[in-house]
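*Asks:* Make a model of this:
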Amino acid sequence: MRKTYRQAGKAEHRGKRRFLGIIVTIAVLCAVLLMVFHVLRSSREKSPEELLITYMDCIPDQKYEEMYEMIDAEASGNITLEDFTERNSAIYEGIEMQNMEVQVTEYNEKEGTVRYQTSFDTAAGKVSFEKQALFKKGQDGYKLVWGDSMIFPELGADDRVRVSTTRAERGEILDCNGTVLAGKGVVSSVGIVPGRLVDRDNAVRQIADLLEVDAADIEEELSAGWVREDSFVPLKSVPKINEMDLMTLDPDEEILKEHERQEQLLKIPGVMISDKEVREYPLGEAAAHLVGYVQSVTAEDLENHAGEGYSSDSVIGKTGMEALFETELKGKDGCRIYITDSEGREKTVIAETPKEDGDDIRLTIDSRLQKMLYEQFREDRGCSVAMNPYTGEVLALVSTPSYDNNDFILGLSEEQWTALNESEDRPLYNRFRQIWCPGSSFKPVVASIGLETGAIDPAEDFGEEGLSWQKDASWGSYRVTTLHEYAPVILKNALICSDNIYFAKAALKIGADNLTGALDELGFNQELPFEITMAKSQYSNSGQIETEIQLADSGYGQGEILVNPLHLAAIYTSFLNDGNIIRPYLEYRDDPAGEVWIEQAFSPENAAIVLEGLTGVVNDSHGTGYKARREDILLAGKTGTAEIKASQSATSGTEIGWFTVFTAEKNVENPILLVSMVENVKEIGGSGYVVEKDKAVLDAFLP
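*Replies:* Numbers count the residues shown, from 1 in each chain. Model (predicted):
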């Protein structure tokens, strides 16, 4: 028994030693793991320099929560995440901060400070400064001690960062004589001061009726968060009535109606009418398609023009010259970023850029001629272009019927917008940019090509065919018709009498390949070299003249020939410039010397031959443009009547009337080349209707 007891004691002792060994081993392992953990954690900790760079990199991406996690909130004045986010976001986003760069210049490990240089762009220009950041080391590693001066060194906790904008003046659009086509104007802004309303519901209904708006829309404006009892809440812009307009012997009826409306509005307690500066278009309907209009920017505009200086209350050119020259006209707003103290007093300016007003744009347009043409054709569906045939200066671009671009500034009602879009006359449609069937106004072009190719001998008599002709029986029932018989049937007389049969034969002599090749060289199927994009002239829908009948019809401006009016005017300049075609242009030049677009499109001799025929059109008693003749000034030109049928087999259709007329001598005081086109002239005199209208304009315009 004694031996057994002794053996058991030894076993128990060995067990205790084994247990102690395990405990020691575990303790050693824990110590090792703890040491490894500290080493690993130490290796993951960012240095103050690295932490600063990480913090600053978060600012452009607006990662304010991540920034907050890097600061020692207690050492930073116990600032909350909400306050931290609000302060940083309001300032950085308010100044439109972007393109931040940071460079560490010094690290003082003993003091826990990092000196750095930072720079970034703002709405007022570039900002840069040097700053020192303080870091504290805790259980979780280094943390930034944040203060308002991290944003700007001069910024205190009670200070505010202010941004003020100085609006740039939009440049004016002027005509060749400096007359304003688009510039500063004043309208009347009708609004409500809510605290002065009496019987609000009834007053709102009365105001809505007079302004032709919905009462619900007025209530919505009055309910906006910014509105106070003494606020002026603008509702609608209306024309400003000048006392002088009312004192004339025969005041305009529309002005009287508007004056009466505004008087009724002012009788309602709470209604106020104040002046408001806006964009104004003095020529209104006469130049609306040319000048265009501006409107307030949309969200889409801001997205498409990001970084170009637009804000939610900017305007942008939408059509016409306003859109074409938007970059030059808009200018650049001035901006000032500064710090104020708790009393609102200015402490320091952070950044400042002065405003840069937009450039004025001066055009070659003569507003007097523009208005004359508009007044003559205002009731017609048509267009007119006028240019100086020697310099290329475009003097007028008119599309009728038109719309008043000032209405877009005042604000169109839904009814007005619907009326403009659904009108059969299509007043918003810009006709001078389109292509049209030229009819006989195209014959001088075919005559010139025929002379150049040798297909036409100006003295050759093509023979009398009566008023109807076809090449042979292969044409079936199709025949070319003309209006007048004459003799001899030579080029000059064919132009004077506008003989379709002669030019159908001429086209067949020229041939399809020669005709289309020559037209390509004259700019067909190409962009016209002009500031405004015009539709491309064409000689065929398919790109080639496919049949003999189509070729014959093309000879007198029918078939599938479609021409832009300004392109046609440019080609006509060749008859006054020894066969050179002058490039049209719209932006004013101090030196208006003509620039050749197509050199020697025709020889000087052939251009002179065609010019002789065009002079006869206006000055020969048999000429189709004879009604435009003047005793004092030699004019030349060509009429045209294009028949538009639903199909070739149709027996009748509508007609487009043309008249192209120009001063035929260089020594005239106001040289002009005028092309006018009117749709639907069949029942009102054909091209003769256009001749009479253009004559009235020329009689007033020429000295």
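
*Asks:* can you give me the helices for the stretch 551-700 of the chain?
*Replies:* Per DSSP state H, counting those that start in this stretch, the stretch 551-700 of the chain carries helices over the ranges 565-572, 604-619, 687-701.

*Asks:* so what secondary structure elements neighbour the second one?
*Replies:* The helices and strands touching helix 604-619, judged by 3 or more CB pairs under 8 Å, 6 or more residues apart in numbering; DSSP states H and E, are helix 443-453, helix 491-497, strand 635-644. (C-beta placed from N, C-alpha, C; glycine too.)

*Asks:* Can you give me the buried ones in the longest one?
*Replies:* Taking 16 or more other CB atoms under 10 Å as the basis for neighbour counts, the residues of helix 443-453 that come out buried are 443-452.

*Asks:* Now do it: distance to the chain's middle.
*Replies:* From the chain centre to the centre of helix 443-453 is a distance of 39 Å (CA atoms, centre = their mean, to the nearest Å).

*Asks:* cool, and stretch 282-299?
*Replies:* With CA atoms, centre = their mean, you get 10 Å for stretch 282-299.

*Asks:* I'd like the average pLDDT over it.
*Replies:* Stretch 282-299 carries an average pLDDT of 96.

*Asks:* can you tell me the distance between the two ends of it?
*Replies:* 29 Å (CA to CA, to the nearest Å).

*Asks:* Can you point out the buried residues in it?
*Replies:* 283-295, 297.

*Asks:* Could I get the pLDDT score of Val596?
*Replies:* 98.

*Asks:* hey, what's it bridged with?
*Replies:* Ile582 (DSSP bridges).

*Asks:* what sits against it?
*Replies:* Residues in contact with Val596 (CB atoms under 8 Å, 6 or more residues apart in numbering) are 577, 580-583.

*Asks:* go on, Phe503?
*Replies:* 443, 446-447, 494, 555-556.

*Asks:* quick revisit: ok, which of the helices and strands packed on helix 604-619 comes nearest Leu246?
*Replies:* strand 635-644 (43.8 Å; CB to CB).

*Asks:* and the angle from that closest one to helix 604-619?
*Replies:* 80 degrees (axes from the mean of the first three to the mean of the last three CA atoms, to 10 degrees).

*Asks:* which strands and helices sit next to strand 635-644?
*Replies:* Counting by 3+ CB pairs under 8 Å, 6+ apart, strand 635-644 packs on helix 443-453, helix 604-619, strand 654-663, helix 687-701.

*Asks:* at 7 Å instead, please
*Replies:* If contacts are counted by 3 or more CB pairs under 7 Å, 6 or more residues apart in numbering; DSSP states H and E, strand 635-644 sits against helix 604-619, strand 654-663, helix 687-701.

*Asks:* Roughly how far does the closest residue to Ile71 other than its chain neighbours sit from Glu49?
*Replies:* Nearest residue to Ile71, sequence neighbours excluded (CB to CB, 6 or more residues apart in numbering): Trp146, at 4.3 Å. Per CB to CB, to the nearest Å, Trp146 is found 17 Å from Glu49.

*Asks:* Please identify which of the two sits among more neighbours.
*Replies:* Using other CB atoms under 10 Å as the criterion, Trp146 and Glu49 rank with Trp146 on top: 24 against 16.

*Asks:* per-residue confidence for that one?
*Replies:* For Trp146, the model assigns a pLDDT of 97.

*Asks:* is it true that it touches Ser76?
*Replies:* Yes. Using CB atoms under 7 Å, Trp146 is in contact with Ser76, at 4.1 Å.

*Asks:* Count the neighbours of Ile361 for me.
*Replies:* 20.

*Asks:* Pop out the phi and psi values for it.
*Replies:* phi -110, psi 120 (degrees, to the nearest 10).

*Asks:* please begin residue numbering at 653 from this point
*Replies:* Done: numbering now begins at 653, and the last item shifts to Ile1013.

*Asks:* where's Ala860, which helix or strand?
*Replies:* Remark: Ala860 resides in helix 852-863, with elements defined by DSSP states H and E.

*Asks:* Tell me the helix or strand right after that helix.
*Replies:* helix 867-874.

*Asks:* could you say what helices and strands that following helix packs with?
*Replies:* helix 852-863, strand 885-891.

*Asks:* Against which helices or strands is the longest one packed?
*Replies:* I take that to be helix 852-863. By 3+ CB pairs under 7 Å, 6+ apart, helix 852-863 packs against helix 867-874, helix 905-918.
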